[in-house]
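Participant: Can you look at this prediction? I've put the sequence above it.
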Amino acid sequence: MGKELINWENGRWIGQTLEVENGVCAVPSIPAKDEAGELAYTDEVKAATDHLYDDVKDFIPEFEWPAYAPLVHAINKLKRQKNAVILAHNYMTPDIFNLVGDFRGDSLGLAIEATKTKADMIIQGGVHFMAETSKILCPNKKVFIPSMRAGCSLASSITGEDVKLIKQKYPGIPIVTYVNTSADVKAESDICCTSSNAVAIVEHITKERGVNKVIMLPDEFLAKNVAKQTDVQVISWHGRCEVHARFSAQDVRDMRAANPGVVVLAHPECPPEVVSESDFTGSTKAMSDYVGDHKPGKVILLTECSMSDNVAIANPGTDFVRPCNLCPHMKRVTLENIYECLKNETNEILIDEDMRDKAYDAVMRMIEVKFDPIKGHFDPKAKEKFIKVI
């Protein structure tokens with residue numbers, strides 16, 4: 001039967017994670033106090049945290065708040081003591097994103113913040129490749145990830161050895177690698193990209209190299225959606241995001257029928273036919289900005305579950321329809337293991353220095369490219385072009 005997360009109901013996060021394994025449900029224990037007594041819901045904790053509850057009251061039942069507040073208080077206190085920051089990706093649950101995250105955003109935004117912070121420690125509220133990217137950019141800082149099991153289907157779909165073979169087969173064609181990859185893959189690449197700058201990066205590198213063809217790794221759907229927005233010829237790998245690949249064009253049509261007038265926003269890791277059915281396609285930041293700028297009455301975000309929750313908190317006037325595709329890897333990061341990670345400095349990210357140097361060059365080439373944010377908006381009506389998948 002395996003493990004199953006069941007803290008989601010009707011596409012909405014409803015509190016603590018419950019794990020079901022072989023039919024047995026186990027509630028993870030949040031202790032009333034640890035040896036130092038710092039996880040008790042004391043008057044001090046209540047005074048320091050109760051004002052924060054308004055930010056998550058729609059997502060954490062009030063009766064559970066006394067279990068969350070001591071962890072939030074302890075984490076924020078430890079951050080000050082250890083000069084640490086938490087980088088919280090848009091897919092983190094609302095408690096992490098809103099209550100302990102110091103910097104919040106998409107992969108590109110967090111990568112840039114990692115280069116700016118004066119903290120001695122970085123705790124990555126996200127998955128393993130994000131923590132690696134922070135370490136690549138900040139070799140003199142300690143970088144930690146709360147759970148080493150927080151992986152990524154895209155990052156797992158390709159290795160540095162695969163990229164070496166691709167370069168042998170297609171010599172002279174620039175390798176554009178999505179940041180959703182491991183350090184060894186980045187190290188074999190010419191330049192990285194994110195979903196917000198993918199079109200701009202493809203056009204930049206081909207112009208710089210005097211060619212009109214790129215190899216884009218590893219997301220097949222992102223590559224296909226990028227190919228529709230540019231005259232550059234794109235060769236793709238066959239990787240897919242297990243969250244976004246599950247959406248279908250029929251899902252979009254069904255959701256529109258059930259929610260007349262709804263605005264549909266899609267992430268470019270979705271299949272091209274889903275993008276064609278959407279009203280707007282862009283990165284997680286672009287989707288969040290769209291809601292803030294346009295203030296639609298009712299909206300659907302075709303992306304990971306917690307994204308809608310976090311954007312909803314910032315936009316209380318918009319009704320969010322939540323088709324919930326949960327990322328099991330993102331959900332392995334919890335307040336509990338953030339606290340343990342900070343307290344005990346566990347799960348430090350270490351990268352071979354030669355590999356880090358090469359990966360650093362690929363990431364920094366991306367960050368140094370200045371681009372018009374409109375390049376991160378995908379025209380859903382653009383004509384599909386032939387793309388070779390290797």
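Facilitator: The structure has been received and is ready for your questions.

Participant: pretty sure residue 372 contacts residue 203?
Facilitator: No - applying C-beta atoms under 8 Å, one finds residue 372 not in contact with residue 203, separated by 10.9 Å. C-beta: built from backbone N, CA, C; applies to glycine.

Participant: When these two are compared, which one has more neighbours?
Facilitator: The residue with more neighbours, out of residue 372 and residue 203 and counting by other C-beta atoms under 10 Å, is residue 203; that gives 19 against 10.

Participant: What score does the more buried one have for pLDDT?
Facilitator: Taken from the predicted model, the pLDDT recorded for residue 203 is 96.

Participant: The strand or helix carrying it: which residues count as buried?
Facilitator: Under DSSP states H and E, the secondary-structure element containing residue 203 is helix 198-209. For helix 198-209, a neighbour-count test (16 or more other C-beta atoms under 10 Å) marks 198-206 as buried.

Participant: Let me know how buried residue 44 is, in neighbour terms.
Facilitator: 12.

Participant: quick one on the thing from earlier: report the mean confidence score over the very next helix or strand once past the helix holding residue 203.
Facilitator: Proceeding N to C from helix 198-209, the next assigned helix or strand is strand 213-217, under DSSP H and E. Averaging pLDDT along strand 213-217 yields 97.

Participant: C-terminal to strand 213-217, what's the next element?
Facilitator: Next in line after strand 213-217, if elements are assigned by DSSP H and E, sits helix 220-227.

Participant: circling back: show me which pair in the buried residues of helix 198-209 is furthest apart.
Facilitator: Spatial extent of the buried residues of helix 198-209 (C-beta to C-beta) is set by the pair 198 and 206 at 12.7 Å.

Participant: and residue 385, what pLDDT?
Facilitator: 78.

Participant: hang on, it packs against residue 227?
Facilitator: Yes - between residue 385 and residue 227 there is a contact under C-beta under 8 Å: 4.9 Å.

Participant: Quick check: neighbours shared by the two?
Facilitator: When contacts are counted by C-beta atoms under 8 Å, 6 or more residues apart in numbering, residue 385 and residue 227 have residue 234 as shared neighbours.

Participant: Pick out whichever of those two has more residues nearby.
Facilitator: When residue 385 and residue 227 are compared on other C-beta under 10 Å, the one with more neighbours turns out to be residue 227, at 25 against 16.

Participant: what's near enough to touch the spatially closest residue to the more buried one that is not a sequence neighbour?
Facilitator: Leaving aside its sequence neighbours, residue 227 sits nearest to residue 234 (C-beta to C-beta, 6 or more residues apart in numbering; 4.1 Å). By C-beta under 8 Å, 6+ apart, the contact list for residue 234 reads 202, 213-216, 223-224, 226-227, 385, 387-388.

Participant: what helix or strand does residue 67 sit in?
Facilitator: In this assignment (DSSP H and E), residue 67 forms part of helix 65-82.

Participant: As PDB, could you dump the C-alpha coordinates of the helix or strand just after that helix?
Facilitator: Beyond helix 65-82 on the C-terminal side, the first helix or strand identified by DSSP H and E is strand 84-89. The C-alpha coordinates for strand 84-89 follow below in PDB (Å, rounded to 0.1, in the frame of the first residue of the first chain):
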ATOM      1  CA  ALA A  84      20.400  31.900   9.900                       C
ATOM      2  CA  VAL A  85      17.800  32.600   7.200                       C
ATOM      3  CA  ILE A  86      15.100  30.400   5.700                       C
ATOM      4  CA  LEU A  87      14.500  30.500   2.000                       C
ATOM      5  CA  ALA A  88      10.900  29.500   1.500                       C
ATOM      6  CA  HIS A  89       9.800  28.300  -2.000                       C
END
